[in-house]
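In: Predicted model and sequence below, questions to follow.
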Amino acid sequence: MALITATNVARSFGQHDIFDQISINIPHGARIALVGPNGAGKTTLLNILAKRDEPTKGTLTYAKGLRIGFLPQEAQLELSNDTESLRNEMLLAFNSLIVQEQKLREMADALANAPDDETLLQEYGEAQHKFEAEGGYEYSRQIDIVLSGLGFDEVDYRRPIAQLSGGQKTRALLARLLLEDPDLLILDEPTNHLDIEAIEWLEAWLKSFKGALLVVSHDRYFMDNVVNHIWELMFGRLEEYRGNYKKYVQQRDERHARVLIEFERQQEFIANEEEYIRRNIAGQNTRQAQGRRKRLERYLQDEAILRPREQKALRVHIHAKVRSGDKVLMTRNLAIGYHDDNIPLFQVPDITLYRGECAALIGANGTGKSTFLKTVLGQLHPLSGETRLGSGVEIGYFAQAHEGLKQDSTILDEILRVRNLPIGEARSYLASFLFSGDDVYKPISTLSGGERGRVALAKLALGGANLLLLDEPTNHLDILSQEILETVLSEFNGTILLVSHDRYLISDLATQIWALHVPRKPGEGSTEMVVYEGPYNEYLAWRDAQNVPLSITQAKPEIKAISSVQINSPSKNNGKPPLSAYQRKKRLEQVEDRIHYLEGELVNLSGALEEASASGNVAEVIQLGSAYTSAEDELNTLMEEWEVLLSE
């Protein structure tokens, strides 16, 4: 039996129908993502399935004893008590084990007073075995693993819930739900308040989760890694697709094209029939024409298909008006931080960003990514060193919090601040960003996060800059808008410095990765920037092979952290200008340091492989073998580069 079966479910609010005739089931072990445009009713459907709302029509059937864990977007309302500490909130997931633990203590005290009571001793042994089998000796460790995995520090564990931010409260509820281990997890935008490393941790957890999963997410990379079915809710109807997000996109486009062809054939048939009826209704073939008219009327009523409806989409074009010089952004001895603290958030290796490239700055929340952008903009002074812009560089900035928008201005006012367009032309321009009619007169203060994002994008596109500094540009955008923006940015004729948690966007755009690696524990050094000159997929392979420390605690061997360095991708060949004598000398030093490190790492991996082989640990042998191969490949590539550098 399915966990949940819904039959002909509908939901209306007054005269407005949200969706109708939805029949679905959630089987055991399901991995389902619910997608659709903002306002399609995804959250409403989740609330109905989670028993938080009632359908207007239809029936729902639930498996007996079904335990549902539900993460709403307003998660702070679901937490137990604002005065409780974060750790005590997690203990609620283990109430039954805590009761058993208390009983074991009481039985142990009783045994201390009556050590010869065999009946009590047997009862204690049985209770202890049950406690151990249900994870009684592991739940404290599980709490630490989950809280750390979702980005909490140990200092947060004792903080009252009331002191947590909205995003932290959402993560706290998500942590408790994971620890409760329900039969079905229903998650509404679980990655909204997670950085990339925490999302990666969550993906790994969900892959091993034995229950079923239904998730609403705008994170396409997350859906590719976690789900195997897609439910698309659009225009009040739900369609099912097999596979992850990537396969869904392919099937969706094929299905839409097929229906469009069928519709066009139908229209041709209807036109031919109508033409025959028009020519013959008053002639010798009037009876045949009348018969055809009746058949056509029945066809139009019972069999005809409607033109496939399409979601309204952004029509964005971003083009640099002026070509910049080859070198766009340069840093030298740069330290990022605030002068009030006078403690660097991180040091930046000397880097040069060239025209046409896209650098993705990634790392945990709070590591200083936005601070780096503001330093490049000149809004903050570096603690030391400098950033320099190349010749002809004009910056366009998209702020994560959209702080460049004036709260008391209208949407139209914001556009006219960028360029003094005629009102009709400005309104037409805003229509391409889905602001039509009187929408253009809405004050910024009344807009949703997604609407503010579209205003900020409209201003950015109108500016004509050739260096775009983008801080989370896909936040609050629905999936179709993300896809469109991704295409637009990939065709941009300038240079991009991108801060984002959207790994699909990073994978598609980035030519190099600037990664901020956070030490595992306090006192293990400062945050370090690693510059990897290559695309995201190559960076991930390199990172995994090196076991670069993450800011989350995982079951990985402790290794020495990599310092702030620049790593060249083996496949990097983007036609940069030749290195100067200074750059060649510096690069040679970096390559030699890296070669020395890799040679030592290969010795360590070889020893670890021998130990794993001797112990028969197949999984570890595979992992270490992959790491050895990657390190060996990188060493060979660097040796080739070293020889070239010496010969120049």
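Out: Right, received. Where do you want to start? Numbering: from 1, shown residues only.

In: Now the element after whatever helix or strand Tyr241 lives in, going C-ward?
Out: Using DSSP states H and E, Tyr241 sits within strand 237-242. Once the chain leaves strand 237-242, the next helix or strand it forms, by DSSP H and E, is helix 245-280.

In: elements contacting that next one?
Out: strand 31-35, helix 220-226, strand 229-234, strand 237-242, helix 286-302 (3 or more CB pairs under 8 Å, 6 or more residues apart in numbering; DSSP states H and E). Any C-beta I mention is one placed from the backbone N, CA and C, and that applies to glycine too.

In: closest one to Asp117 among those?
Out: strand 31-35 (50.7 Å; CB to CB).

In: quick one, domains of this structure?
Out: 248-302, 318-394+465-577, 406-463, 578-648 (automatic domain parsing).

In: quick one: low-confidence parts of the stretch 401-550 of the chain?
Out: Across the stretch 401-550 of the chain, the ranges flagged by pLDDT under 70 are 401, 519-525, 547-550.

In: try the chain
Out: Ranges of the chain meeting pLDDT under 70: 76-77, 80, 401, 519-525, 547-584, 586, 616, 618-619, 621-622, 648.

In: hmm, what's the outermost residue in it?
Out: Residue farthest from the centre of the chain, counting by CA atoms, centre = their mean, is Gln284 at 68.0 Å.

In: hang on, isn't Tyr276 packed against Gln290?
Out: No: contact criterion CB atoms under 8 Å: Tyr276 and Gln290 do not qualify, at 11.4 Å.

In: Please identify which of the two sits among more neighbours.
Out: Ranked by neighbour count (other CB atoms under 10 Å), Tyr276 and Gln290 place Tyr276 first, with 16 against 13.

In: who's in contact with the nearest residue to Gln290 once chain neighbours are set aside?
Out: Distance criterion CB to CB, 6 or more residues apart in numbering; nearest residue to Gln290, sequence neighbours excluded, is Ile281 at 7.1 Å. Shown in contact with Ile281 (CB atoms under 8 Å, 6 or more residues apart in numbering): Ala289, Gln290, Arg293.

In: Between these, which sits nearest Leu104?
Out: Nearest to Leu104 out of these is Arg293 (CB to CB; 84.3 Å).

In: Any idea how many residues pack against that closest one?
Out: Arg293: 17 surrounding residues under other CB under 10 Å.

In: Also Asp439?
Out: 17.

In: Need the three-state assignment for Asn636.
Out: Three-state call for Asn636 (DSSP: H, G, I helix; E, B strand; the rest coil): helix.

In: Roughly how far does it sit from Glu239?
Out: Using CB to CB, to the nearest Å, Asn636 is found at 49 Å from Glu239.

In: looking at this, Glu310 is in a helix?
Out: No: using three-state DSSP, the assignment for Glu310 is coil, not a helix.

In: Pull the contacting residues for the most centrally placed residue in the chain.
Out: Nearest to the geometric centre of the chain sits Asp219, at 3.8 Å (CA atoms, centre = their mean). Asp219 is in contact with Thr191, Ile199, His501, Asp502, Arg503, Tyr504, counting by CB under 8 Å, 6+ apart.

In: Do a quick rundown of the strands in the stretch 501-648 of the chain.
Out: Along the stretch 501-648 of the chain, the stretches classed as strands by DSSP state E, counting those that start in this stretch are 512-517, 527-533, 566-568.

In: Can I get those strands in CSV including mean neighbour count and distance to Leu389?
Out: Formatted as CSV, these follow (neighbours: other CB atoms under 10 Å; distance: least, CB to CB, whole Å):
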stretch, mean neighbour count, distance to Leu389
strand 512-517, 24, 17
strand 527-533, 22, 18
strand 566-568, 22, 20
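
In: circling back to that earlier point, turn the domains of the chain into JSON lines, including distance to Gly58.
Out: Formatted as JSON lines, the domains of the chain follow (distance: least, CB to CB, whole Å):
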{"stretch": "domain 248-302", "distance to Gly58": "24"}
{"stretch": "domain 318-394+465-577", "distance to Gly58": "26"}
{"stretch": "domain 406-463", "distance to Gly58": "29"}
{"stretch": "domain 578-648", "distance to Gly58": "46"}
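
In: tell me the most buried of those domains?
Out: Neighbour counts (mean count of other CB atoms under 10 Å) averaged over each of those peak at domain 318-394+465-577, with a mean of 18.

In: Now do the residue nearest to the centre of the chain against Gly167, distance only.
Out: 15 Å.

In: And Ala631, by the same measure?
Out: In terms of CB to CB, Ala631 sits 37 Å off from Gly167.

In: Check Arg159 too.
Out: Where Gly167 is concerned, Arg159 sits at a distance of 14 Å (CB to CB).

In: So the residue farthest from the centre of the chain lies in a helix, does it not?
Out: No: looking at Gln284 with three-state DSSP, it is coil, so not inside a helix.

In: residues in contact with Ala6?
Out: By CB under 8 Å, 6+ apart, the residues touching Ala6 are Ile22, Ser23, Ile24, Asn25, Ile48, Leu49, Pro55, Gly58, Thr59, Leu60.

In: Helices - which of the contacts of Asp219 land there?
Out: Secondary structure assignment by DSSP state H places Ile199, Arg503, Tyr504 of those in helices.

In: pretty sure the last one is in contact with Ser217, am I right?
Out: No: in terms of CB under 8 Å, Tyr504 does not count as a neighbour of Ser217; the distance is 11.6 Å.

In: what about the helices in the stretch 301-450 of the chain?
Out: Ranges of helices in the stretch 301-450 of the chain, per DSSP state H, counting those that start in this stretch, are 369-377, 411-418, 423-431, 449-463.

In: could the ones you listed go into CSV alongside distance to Gly135?
Out: Formatted as CSV, the helices of the stretch 301-450 of the chain follow (distance: least, CB to CB, whole Å):
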stretch, distance to Gly135
helix 369-377, 38
helix 411-418, 54
helix 423-431, 56
helix 449-463, 39
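
In: Of all those helices, which one is nearest Phe70?
Out: Once these are compared by CB to CB, helix 449-463 is nearest, at 22.3 Å.

In: list the helices and strands the closest one packs on?
Out: Using 3+ CB pairs under 8 Å, 6+ apart, helix 449-463 sits against strand 395-398, helix 411-418, helix 423-431.
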